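Trainee: Test case, fold it:
(one chain, ligands or ions: 1)
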Amino acid sequence: MTESAERGHWGSRIGFLLACAGSAIGLGNIWKFPYIAGENGGGIFVLIYLVCIFAVGIPIMVCEFAIGRSTQSSPVQAFDKLSGGSTGWKAVGVLGVLAAFVLLSFYSVVAGWAMHYVYLSFTRFGGATGAGAIGELFGAVFSNPGINLFWHLAFMGMTTAIVWGGVSGGIEKASRIMMPALFLMLFILLAKALTMPGFGKAFVFVFSPDASKLTPAGVLEALGHSFFTLSLGMGAMMTYGSYMADDFDIVRSSVLISVLDTMVALLACLIMYPIIFSYGMNPQAGPGLVFKSMPIVFSQMPFGMAFSVVFFILLTFAALSSAISLLEVVTSYTIDNWGWGRHSATIIPAAVIFLFGVPSALSGSWLPATLPGGKNFFDSMDYLVSNWMMPLGGLFTALFVGFRMDVEVVKKEFASAKGLQPFFTGWFYTVKFVCPIAVTAVFLHMVGLF
Ligand code: TRP
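Mentor: Numbering: from 1, shown residues only. Below you'll find the predicted structure:
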């Protein structure tokens, strides 16, 4: 069999889109976006984030698909082939693999909280109802080493089991059911949120930008999050692109995936903020936000506990469909570059990732605030991946497509978007200049140069 015949291929365009949406839509949308928007002034953050998605995220997603599809290879080999064997460009691929490794180590801890909340829903949150008691409940979960370790292990186990058995049958099928179910659930909860007294205030908070709340750190965070939420800058979309047929339209696909992803993030805000404002909570509650807000409503609405079980199961599945693609980046690297078999390439990296995640799982209990800058291990890893590794990966991806890749190959990839040829030049200039300058400016600011 030839190399490309052995490699998987998406059965259909919809299968590909759902897998990419499954990767993109995850904890980043429902857990992370609402709390970082809350911490960074609401509307102004949302606005900058939207600009980042459209001006930087979508153009880079097109780049990743183009690199993956034109080489039909996993990222390190893709950079190798297209650069004619340059070590520096291969290192960009390796940076992506490392980012996936670090991200999965703490992503699994948060997914573990979601799993624990499925269990807690069955106990009716141990009888807690008001904002105070439910907030304390999260504190108790976060600071319990046993709970964190147990669910971290369970979630890594589930992720490993699926990647072990191959992704296509299981996860593609699961995505087809889970993704629409997630949307349906979000709309039902939105209907509930619309009836709450805090909805108006929430709407204003999310959609009316207040420029005085703009901070450089917020801009950095918005840019970092636009890479995070679209699964960019670490070779994940490249890998998925490498399983794609020649005639799939990579431009419309990128737009569609990004729009769906953004919709889920905004829906999550419109569901959570009305609860927060109706119950006099603080939108700056940090990583516990979704766990402190949603249970208040569930504990009071009809069939609330059933909704709660379903909501946290869906959150777990959204996380799982992302986690699988994260582990797949590391697994396919060890298969392709180290020559390991699929099973050892799954279980060994997964075990190492689990161990590396242990300090994150203990960041609420035994290892609080121990690293320079006062951040605990968990926050430091999140900061490292979201604000450094992913933007750097994205920056180099844009530079690579803009300046290093053969322009004819790039054009041929873009040509899959029938009727969008007039946009080629605009896109290409965005990739060459807008994306690199935006990312560099943010970096220079961070290191204090301007
Ligand atoms: N996009 C995912 C989320 O929003 C997180 C993520 C970032 C990711 N990079 C990834 C998932 C790479 C899979 C692969 O939750």
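Trainee: pLDDT weak spots in the stretch 1-150 of the chain?
Mentor: Residue ranges of the stretch 1-150 of the chain with pLDDT under 70: 1-8.
Trainee: residues from it in reach of the ligand?
Mentor: Remark: the part of the stretch 1-150 of the chain in contact with the ligand comprises 23-24, 26-29, 103, using C-beta under 6 Å from any ligand atom. No exception for glycine: its C-beta is placed from N, CA and C like everyone else's.
Trainee: now those: which count as buried?
Mentor: Burial by neighbour count, 16 or more other C-beta atoms under 10 Å: within these this picks out 23-24, 26-29, 103.
Trainee: any chance of those in TSV, with secondary structure too?
Mentor: Formatted as TSV, those follow (DSSP: H, G, I helix; E, B strand; the rest coil):
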residue	secondary structure
Ser23	helix
Ala24	helix
Gly26	coil
Leu27	helix
Gly28	helix
Asn29	helix
Leu103	helix
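Trainee: Max pairwise distance over those residues: which two?
Mentor: Asn29 and Leu103 (14.9 Å; C-beta to C-beta).
Trainee: Which stretches in the stretch 151-300 of the chain count as strands?
Mentor: Assigned by DSSP state E, counting those that start in this stretch, the strands in the stretch 151-300 of the chain number zero.
Trainee: give the contact list for the closest residue in space to Gly57 that isn't next to it in sequence.
Mentor: Closest residue in space to Gly57, ignoring its immediate chain neighbours: Ser226 at 4.5 Å, by C-beta to C-beta, 6 or more residues apart in numbering. Ser226 sits next to 49, 52-53, 56-57, 232 when contact means C-beta atoms under 8 Å, 6 or more residues apart in numbering.
Trainee: Name the nearest of those relative to the ligand.
Mentor: Among these, Leu232 lies closest to the ligand (C-beta to the nearest ligand atom), at 7.0 Å.
Trainee: So that closest one sits against Met390, correct?
Mentor: Yes. Contact criterion C-beta atoms under 8 Å: Leu232 and Met390 qualify, at 6.7 Å.
Trainee: any shared contact partners between the two?
Mentor: Going by C-beta under 8 Å, 6+ apart, no residue sits against Leu232 while also sitting against Met390.
Trainee: residues from the stretch 301-450 of the chain in reach of the ligand?
Mentor: Looking at the ligand, the residues of the stretch 301-450 of the chain close enough under C-beta under 6 Å from any ligand atom are 322, 325-326.
Trainee: Which residue in the residues you listed has the weakest pLDDT?
Mentor: Among these, Ser325 has the lowest pLDDT, at 90.
Trainee: Work out for me the element that residue sits within.
Mentor: Assigned by DSSP states H and E, Ser325 belongs to helix 304-338.
Trainee: again, but for Ser363
Mentor: With DSSP H and E as the test, Ser363 turns up in no helix or strand.
Trainee: count of residues packed around it?
Mentor: Around Ser363 there are 27 other residues, counting by other C-beta atoms under 10 Å.
Trainee: Out of the contacts of Ser226, which sit inside strands?
Mentor: Per DSSP state E, strands hold no members of those.
Trainee: Would you map the helices across the stretch 201-350 of the chain?
Mentor: 216-229, 236-241, 250-278, 289-298, 304-338, 342-361 (DSSP state H, counting those that start in this stretch).
Trainee: Remind me what the shortest one packs against, helices and strands.
Mentor: Under the contact criterion of 3 or more C-beta pairs under 8 Å, 6 or more residues apart in numbering; DSSP states H and E, helix 236-241 touches helix 13-24, helix 58-71, helix 75-83, helix 87-122, helix 304-338.
Trainee: Would you mark the buried spots in the first one?
Mentor: The reference is to helix 13-24. 15-24.
Trainee: go on, the fourth one?
Mentor: With burial defined by 16+ other C-beta under 10 Å, the residues of helix 87-122 counted as buried are 89-90, 92-118, 120-121.
Trainee: Pull the distance from it to the chain's centre.
Mentor: Helix 87-122 sits 9 Å away from the centroid of its parent chain (C-alpha atoms, centre = their mean, to the nearest Å).
Trainee: Next secondary structure after that helix?
Mentor: Per DSSP H and E, the first helix or strand lying C-terminal to helix 87-122 is helix 131-142.
Trainee: and the angle for that next one with helix 87-122?
Mentor: Helix 131-142 runs at 130 degrees relative to helix 87-122, counting by axes from the mean of the first three to the mean of the last three C-alpha atoms, to 10 degrees.
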